[in-house]
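Q: For reference, the sequence and a predicted model appear below.
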Number of protein chains: 2
Amino acid sequence: MPQKTSKRSAPWAVVLLSGGLDSATAAAWAQARGFRVAALTVRYGQRHAAELAAARRIARSLKLEKHLEIGVELSRIGGSALTDLNLKVPKNRSAKAISTGIPITYVPARNTVFLSLALGLAETLGAQDLVLGVNVLDYSGYPDCRPEFVRAFRRLADLATKAGVEKTARFKIHTPLIRKTKAQIVRLGTRLGVDYALTTSCYAPVTRGKRVFACGRCDSCHLRLKGFAEAGRTDPVPYGPHP
Amino acid sequence: MPQKTSKRSAPWAVVLLSGGLDSATAAAWAQARGFRVAALTVRYGQRHAAELAAARRIARSLKLEKHLEIGVELSRIGGSALTDLNLKVPKNRSAKAISTGIPITYVPARNTVFLSLALGLAETLGAQDLVLGVNVLDYSGYPDCRPEFVRAFRRLADLATKAGVEKTARFKIHTPLIRKTKAQIVRLGTRLGVDYALTTSCYAPVTRGKRVFACGRCDSCHLRLKGFAEAGRTDPVPYGPHP
């Protein structure tokens, strides 16, 4: 960890920043560890531009040194309620239903695509540290959030790149939130100065004029609200009005 | 291999189709093996649209069942002469220079990004076969063309996807050209009916009116010309005029 280097000479870390609670916390974590943060936000045909706006606000608020947006037309692939408007985002599922199986909001190979782009950016910057805000406790059952996936990608990274083959880098994928509950994540981020009012987690937000409201009923809202409740805090983002 | 199934029920294979000689041959190979071919062409900010046009011509000529184009803004990452107009494509390098080290035309993490997209498409189609036209003999020293890279990606694929985790698919990555020389590839493709006049391999083609000429001097032209010569054939694409 690069804690003792000065800011100017500190190594870069590439942080995947979606605009949600987890990735905002991961970015703050990387910064607190002394990395210069290059945040990467992928525009992949999300149903709502709210996430992109949130990512920009978070990058500004945390004063991240670099924030890149890269477009990828994942909607051409389809197969997910997050990229295909013909598929419905499930609502009002029980905690048990959420923790069982892989839901329709799973985007085929999403984190593999995202980490590949982060890897390319890392190589260009001369960085060897990637930071990913995945976690396995309060999560939605996505296969590409699990430690075994992350380990397999790390192994791939060294074989896939010029930097890896020439041994000028040995890639690390940091997953500082992987074994934390949402409540622990909220507490960590609050301590690190994350303004959660700037984040958005909802899979199906409602826009009224200029305001964006979380639905409060999709899996992601459910997990987020549970996290704030268990941390003894109030979620600062607005919920409702329900359509 | 699905040789004995009828066309209608044949399994899909996702083939990465760049518009070059190798990937056109790989697509014809998959078809000859009885797969229904879903070709995937990635628009990644290539210097020249000639590749995209070539991919479309090849898909039409081989009557591939599906051809998808997906845009990815790799030029935002930079770091390669193929995506960054400020960097020069090397010309007139010796065979020895070409086979030594990793050149400036290497695009950071390109094949990792491409295979990730192919994996997502495969999952959506219910396919478990990916086909990649990489080869290790007459190649340009790219790390993400090597068998160890391909093996590591295969391992990742099963861990990264819903289909892999639920064991409805066990992904395979076919690399039918990996140990062939360019001459052997040209002979194989010719036997399979590939029209090489439709392909383009040049890193720095020159456009005069509606015609596109290969430069004949970049690493890729060098390897291609050598392949045709060793196969005892004439490359049907036009070369020159040199600027």
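A: That came through, no problem. Computed from a prediction, not measured in an experiment: that's the story for all the values here.
Q: which one's the longest strand in chain A?
A: Determined from DSSP state E, the single longest strand within chain A is strand A:36-43.
Q: Can you list the strands that it pairs with?
A: Sheet pairing of strand A:36-43 (DSSP bridges) gives strand A:12-16 (parallel), strand A:66-71 (parallel).
Q: which residues in chain A form strands?
A: Going by DSSP E, chain A shows strands at A:12-16, A:36-43, A:66-71, A:129-131, A:172-174, A:206-208, A:211-213.
Q: Chain neighbours aside, what residue packs nearest to A:Cys218?
A: Among residues not flanking A:Cys218 along the chain, A:Tyr203 sits closest, at 4.2 Å (C-beta to C-beta, 6 or more residues apart in numbering or on different chains). The way it works is simple: take the backbone N, C-alpha and C, and place the C-beta from them, glycine included.
Q: can you tell me which residues contact that neighbour?
A: A:Arg47, A:Ala81, A:Leu82, A:Val89, A:Thr105, A:Cys215, A:Cys218, A:Asp219, A:Ser220, A:Cys221 (C-beta atoms under 8 Å, 6 or more residues apart in numbering or on different chains).
Q: Of all those residues, the one with the weakest confidence?
A: Note: of the contacts of A:Tyr203, the lowest pLDDT belongs to A:Arg47, at 64.
Q: mind checking which helix or strand of chain A has the lowest mean pLDDT?
A: Ranked by mean pLDDT, DSSP states H and E, the helix or strand of chain A with the weakest confidence is helix A:95-98, at a mean of 76.
Q: From chain B, how far out is the residue of chain A most remote from its centre?
A: Within chain A, the residue lying farthest from the chain centre (C-alpha atoms, centre = their mean) is A:Glu166, at 29.9 Å. A:Glu166 sits 7 Å away from chain B, going by C-beta to the nearest C-beta, to the nearest Å.
Q: swap in A:Asp84?
A: Distance, A:Asp84 to chain B, using C-beta to the nearest C-beta: 9 Å.
Q: neighbours around that residue, how many?
A: Other residues near A:Asp84 come to 18 when the count uses other C-beta atoms under 10 Å in any protein chain shown.
Q: returning to what we had before: okay, the closest residue to the residue farthest from the centre of chain A other than its chain neighbours: pLDDT?
A: Leaving aside its sequence neighbours, A:Glu166 sits nearest to B:Ile102 (C-beta to C-beta, 6+ apart; 7.1 Å). Looking at B:Ile102, its pLDDT is 78.
Q: biggest helix in chain A by residues?
A: helix A:110-125 (DSSP state H).
Q: how much distance is there from that one to the middle of the chain?
A: Distance of helix A:110-125 from the chain centroid (C-alpha atoms, centre = their mean, to the nearest Å) equals 13 Å.
Q: Contacts (any at all) between chain B and that helix?
A: Yes: judged by C-beta under 8 Å from any C-beta of the partner chain, helix A:110-125 and chain B are in contact via A:Arg110, A:Asn111, A:Thr112, A:Val113, A:Ser116, A:Leu117, A:Leu119, A:Gly120, A:Leu121, A:Glu123, A:Thr124.
Q: quick one: contacts for the second one?
A: The neighbourhood of A:Asn111, defined by C-beta under 8 Å, 6+ apart, consists of A:Leu132, A:Val134, A:Tyr142, A:Asp144, A:Cys145, A:Phe149, B:Ala160.
Q: same question, the third one
A: A:Thr112 makes contacts with A:Asp144, A:Phe153, B:Ser116, B:Leu119, B:Gly120, B:Leu156, B:Ala157, B:Ala160, as judged by C-beta under 8 Å, 6+ apart.
Q: Alright, that wraps it up for me.
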